[in-house]
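# missing the sequence, but the structure's below:
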């Protein structure tokens, strides 16, 4: 079996890859019947020479490969007919900007496996960049804080080597006794927490966070059970909230009264209440003035996130009074960091982590007859048609919705 590691061709350029040179070497030792070919790339975080130094072939001929691995969407003109592809297609939610891509995949008889739907039998994702979004998002939150108040200056994450380099810069900050709120305990929230702990911040419980003043900066990490409550007053639970999100209302404002920097790393389900609304943000007691929205749901649960920002220009201002963009350095304006491709700022670490998960969970499925159904669940297209689990996309493909 030949696996091809393709060049990333999407604009803006993404420096990540599915398999680092070291990960390639590891998988080849584990599966000697496998061959890995690397397409030359001028932008990949790992240089072509790094692969060649470990005996991995670098060649522009991807036609000879059985399976092609990428990170972001492959441009239509670069798709090779009849191949098996793995990449983030951004089509499973019927994203209109990628309808043409899915149409081309079907027309070219390509077997598409989307990284986003590589799951175990319980539906838990097996490969993801979420942890790295949390790592970079937390760092960028502090960078936005420094930019808003002019108290310190941090380099962009993309200019630094790895997570430890980010932490070392954060450790040097002289922060006032601010309160930092982190929502989410999944991959994203856990990645952000690594940064807060790495820089030596004190973690406090919900009661102390809400009621006490501190002489040092502190943070509090919460999940949905702390910022939502049942409308009928009955005691809720996480399982109940997931099953009946419409039965809940937001209980977030009590945190907004005391928070200086808010890091949003939660997952927001359809039908769940917004954390804070535009009306909430207008309230005189609403204290949050810096938001690092890693989740980046536009016009969604975090009202100040009115658009995504970019790695090049990561911070914009949200004026609660006018409900529009303003100068984020002004006193009443919220500084918003809402970069929607954060892991791309830490390409080396993100590629290593993603590749390790891919090798652990996905590659064995190529050789064990897909014993756990991982490939079957992630196969979106086959023989020019949508697979049964993805037939809901047919009207989208046909341009009817």
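That came in fine, so what should we check first? Please read these numbers as outputs of a predicted model, since none were measured by experiment.

# strands along the stretch 301-401 of the chain, start to end?
With DSSP state E, counting those that start in this stretch as the criterion, the stretch 301-401 of the chain has strands at 315-319, 324-326, 334-337, 381-382, 385-386.

# neighbouring strands - and their directions - for the fourth one?
Strands that pair with strand 381-382, judged by DSSP bridges, come out as strand 385-386 (antiparallel).

# and for the partner strand, what are the contacting residues?
Contacts with strand 385-386, where a contact means C-beta atoms under 8 Å, 6 or more residues apart in numbering, come from 106, 380, 393, 394, 397. Yep, even glycine has a C-beta here, placed from its N, CA and C like the rest.

# my read: the second one touches residue 115, true?
No: counting by C-beta atoms under 8 Å, no contact exists between residue 380 and residue 115, whose distance comes to 11.1 Å.

# quick one: residue 196 and residue 155, what's the gap?
19 Å (C-beta to C-beta, to the nearest Å).

# tell me which residues of stretch 180-197 are tucked away?
Residues 180-196 are the ones in stretch 180-197 that count as buried (16 or more other C-beta atoms under 10 Å).

# need the residues that contact that stretch.
With contact meaning C-beta under 8 Å, 6+ apart, stretch 180-197 is reached by 128, 130-135, 137-139, 163, 166-167, 170, 201, 203, 209, 217-223, 227, 255, 259-267, 275, 294-295.

# now for the strand or helix carrying residue 263, which elements pack on it?
Here residue 263 sits within strand 261-264, counting by DSSP states H and E. With contacts taken as 3 or more C-beta pairs under 8 Å, 6 or more residues apart in numbering; DSSP states H and E, strand 261-264 sits against helix 130-149, strand 179-183, strand 290-293.

# show me the buried residues of stretch 180-197 that map onto strands.
Of the buried residues of stretch 180-197, the ones assigned to strands by DSSP state E are 180, 181, 182, 183.

# drop anything exposed from the contacts of stretch 180-197.
Buried members of the contacts of stretch 180-197, counted by 16+ other C-beta under 10 Å: 128, 130-135, 137-139, 163, 166-167, 170, 201, 209, 217-223, 227, 255, 259-267, 275, 294-295.

# what about the strands in the stretch 51-200 of the chain?
57-58, 67-69, 84-87, 111-114, 179-183.

# number of nearby residues for the closest residue to residue 100 other than its chain neighbours?
Of all residues not flanking residue 100 in the chain, residue 76 sits nearest, at 6.3 Å (C-beta to C-beta, 6 or more residues apart in numbering). For residue 76, the neighbour count with other C-beta atoms under 10 Å is 14.

# any idea how far residue 184 lies from residue 248?
Taking C-beta to C-beta, one finds residue 184 at 16 Å from residue 248.

# let me redo that: residue 285
Counting by C-beta to C-beta, the gap from residue 285 to residue 248 is 22 Å.

# do residue 358 as well
36 Å.

# ditto for residue 276
15 Å.

# same question, residue 314
From residue 314 to residue 248 the distance is 32 Å (C-beta to C-beta).

# cool, and residue 74?
40 Å.

# so where's the stretch 151-300 of the chain uncertain?
Counting by pLDDT under 70, the stretch 151-300 of the chain has no low-confidence residues at all.

# break down it into its helices, ranges please.
Under the criterion DSSP state H, counting those that start in this stretch, the stretch 151-300 of the chain contains helices at 163-171, 187-198, 206-211, 224-227, 238-243, 253-256, 278-282.
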